[in-house]
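Q: below are the sequence and a predicted model for it; my questions follow.
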Amino acid sequence: MSAALPKDLVQAHKMLSAMLERKKYGKLYTSPIATNPYPRQMEFFEQGATKRERLFMAANQVGKSEAGAFETACHLTGIYPEWWKGRKWDRPVKGWAAGETSLLVRNVSQTKLCGEPGVEGALGTGFIPKDLFVERPSLARGITDAFDTVQVKHVSGGTSVLRFKSYEQGRSKFQGETLDFVWWDEEPDDELYSEGLTRITATKGMEFLTFTPLLGMSNVVRRFTEQDSPDRGITRMTIDDVTHISADERVKIVAGYLPHQRDARAKGIPLLGSGAVFPVADEQIMEPPIQHIPAHWVKIWGIDFGINHPFGAGLLLWDRDNDVIHVHHVIRMKDGRARDHAAAMKPVGAAVPVAWPQDGTARESGGATLASQYKDAGLLMLPDHATHPQGGVSLEAGISEMYDRMTTGRFKVANHLSEFFDEKGTYHRKDGLIVKERDDVLSAVRYGMMMKRHARAVTLGSHKSKRNHNVIAEGVDFDVF
């Protein structure tokens with residue numbers, strides 16, 4: 001008869017077994033996203049407290065589906081981490097997890113929530129703990145080991161229900177039920193998405209999406225990027241926002257993508273059908289904000305008035321010795337009047353001349369031109385609308401100069417000016433023509449470049465500097481010399 005094991009060894013074995021069991025079946029409590037989520041994942045979760053619709057538009061392999069699955073498990077179980085600031089339910093919930101095809105739903109959403117399909121003992125190794133399943137999930141038809149419905153114990157004492165759906169089933173399969181939430185993993189078409197909104201209306205529920213925008217500027221993407229609503233939120237995450245992939249490995253991953261897909265797959269920027277207007281990496285034109293501006297550099301504002309679209313402004317610094325344009329400050333403002341726009345510009349550069357587009361010559365109902373309203377608001381408006389040095393207002397000529405400067409190192413943008421980079425990332429051509437949408441800041445910068453010959457070496461700030469010349473022609477706001 002073998003000798004009995006010491007009690008302390010037996011106890012240690014039990015503790016070790018319990019720890020291994022918790023690690024295997026307690027992903028909801030122990031995984032990196034549960035204990036230390038990335039800031040962008042945290043931002044996505046927090047928006048749930050105030051937003052009915054949320055989009056996590058991110059690069060490949062950065063943890064967007066992981067975030068969707070983790071949040072789904074939290075709602076189903078009612079178990080939230082201490083740091084959670086998003087929406088919470090104190091009762092059982094009913095929801096959907098939906099994806100492109102039944103196979104992808106099984107391999108991604110189901111796997112992350114429940115564990116590896118078809119593996120004995122794997123149920124519970126996903127975000128839903130093993131001991132919280134109510135019976136075994138019911139199977140779907142057609143795909144081996146694919147689940148149709150999962151029942152989960154909620155901490156309140158009731159049972160939550162999750163159904164798995166695929167877009168290939170068609171809209172009719174997305175009708176009928178009243179839900180608390182829908183998780184769309186990969187982009188649905190706008191009809192399915194609209195059907196999801198209908199399902200959550202009665203419960204004041206929510207929808208959240210996690211995808212890489214490979215379908216380009218679709219209606220769903222535009223809903224979040226172009227249609228402002230207090231009920232909607234968007235979180236962007238790039239491959240550079242993660243630390244579980246080394247810098248060297250990130251370079252290799254990005255290099256392996258097809259050139260026209262790199263921005264979408266590595267940065268979460270919507271894939272553009274006919275090509276980007278500025279196919280230049282952001283990093284190629286980024287620079288740290290300039291803290292000490294040489295006195296001899298000249299400055300000019302460019303503005304886009306914002307008729308039926310947001311107002312845009314860009315402050316340019318021109319190093320004429322090296323012929324480099326530096327975009328130093330930008331403004332994008334929805335609605336507002338001339339004095340509101342001027343009030344945002346003057347604290348930055350009151351003494352800087354302002355270039356403006358041709359539609360500023362149009363007269364309002366009171367008889368004054370649009371440009372004169374900005375002059376009356378205290379801006380140093382140039383006397384004529386923006387033209388190229390050789391004359392004309394060609395859009396393509398302006399775009400050509402901007403692109404040439406970007407590719408030759410003669411165009412730099414302060415790296416914190418997200419409005420500029422957001423517009424640059426979605427500015428594209430369709431059937432060879434530039435799509436004039438969401439280009440308010442880009443247009444303002446272009447007008448400033450067109451009129452850089454009128455830039456002046458003035459001091460930035462809220463006060464107009466004293467002119468070097470004693471006499472300036474009457475009615476002229478700037479030194480023509």
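A: Alright, I've got the coordinates.
Q: CA atoms only: put stretch 344-363 into PDB for me.
A: The C-alpha trace of stretch 344-363 is given here as PDB (Å, rounded to 0.1, in the frame of the first residue of the first chain):
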ATOM      1  CA  ALA A 344     -12.100  80.700 -33.500                       C
ATOM      2  CA  MET A 345      -9.400  82.000 -35.900                       C
ATOM      3  CA  LYS A 346      -8.300  85.300 -34.300                       C
ATOM      4  CA  PRO A 347      -6.800  83.900 -31.100                       C
ATOM      5  CA  VAL A 348      -4.500  81.800 -33.300                       C
ATOM      6  CA  GLY A 349      -3.600  84.300 -36.000                       C
ATOM      7  CA  ALA A 350      -5.400  87.600 -36.000                       C
ATOM      8  CA  ALA A 351      -2.700  89.400 -38.100                       C
ATOM      9  CA  VAL A 352      -2.600  86.600 -40.800                       C
ATOM     10  CA  PRO A 353      -4.100  87.400 -44.200                       C
ATOM     11  CA  VAL A 354      -7.000  85.100 -45.200                       C
ATOM     12  CA  ALA A 355      -7.400  83.400 -48.600                       C
ATOM     13  CA  TRP A 356     -11.000  82.500 -49.600                       C
ATOM     14  CA  PRO A 357     -12.900  80.800 -52.400                       C
ATOM     15  CA  GLN A 358     -14.800  82.200 -55.300                       C
ATOM     16  CA  ASP A 359     -18.200  81.700 -53.700                       C
ATOM     17  CA  GLY A 360     -17.300  84.400 -51.200                       C
ATOM     18  CA  THR A 361     -18.300  87.000 -53.900                       C
ATOM     19  CA  ALA A 362     -21.900  85.900 -53.800                       C
ATOM     20  CA  ARG A 363     -24.200  88.500 -52.200                       C
END
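Q: could you list the buried residues of that stretch?
A: Buried residues in stretch 344-363, counted by 16 or more other Cβ atoms under 10 Å: 345-346, 348-357, 360. C-beta: built from backbone N, CA, C; applies to glycine.
Q: from those residues, which land in helices?
A: With DSSP state H as the criterion, helices contain 345, 346, 348, 349 from among those.
Q: for residue 81, state which of those is nearest.
A: residue 348 (41.7 Å; Cβ to Cβ).
Q: quick check: phi and psi at residue 164.
A: phi -100, psi 130 (degrees, to the nearest 10).
Q: is it true that it touches residue 140?
A: Yes: look at residue 164 against residue 140 with Cβ atoms under 8 Å: they come within range, at 6.7 Å.
Q: which neighbours do those two share?
A: 102, 146, 147, 148 (Cβ atoms under 8 Å, 6 or more residues apart in numbering).
Q: can you lay out those as JSON lines showing secondary structure and neighbour count?
A: Below are the shared contacts of residue 164 and residue 140 laid out as JSON lines (DSSP: H, G, I helix; E, B strand; the rest coil; neighbours: other Cβ atoms under 10 Å):
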{"residue": "102", "secondary structure": "helix", "neighbour count": "21"}
{"residue": "146", "secondary structure": "coil", "neighbour count": "20"}
{"residue": "147", "secondary structure": "strand", "neighbour count": "23"}
{"residue": "148", "secondary structure": "strand", "neighbour count": "15"}
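Q: assign residue 83 to helix, strand or coil.
A: Here residue 83 is recorded as coil under DSSP: H, G, I helix; E, B strand; the rest coil.
Q: tell me the bridge partners for residue 152.
A: When bridges are called by DSSP bridges, residue 152 pairs up with residue 133, residue 160.
Q: and it, what's its pLDDT?
A: Residue-level confidence at residue 152 comes out at 98, pLDDT.
Q: likewise residue 269?
A: pLDDT at residue 269 comes out at 85.
Q: contacting residues for it?
A: By Cβ under 8 Å, 6+ apart, the neighbours of residue 269 are 213, 263, 425, 426.
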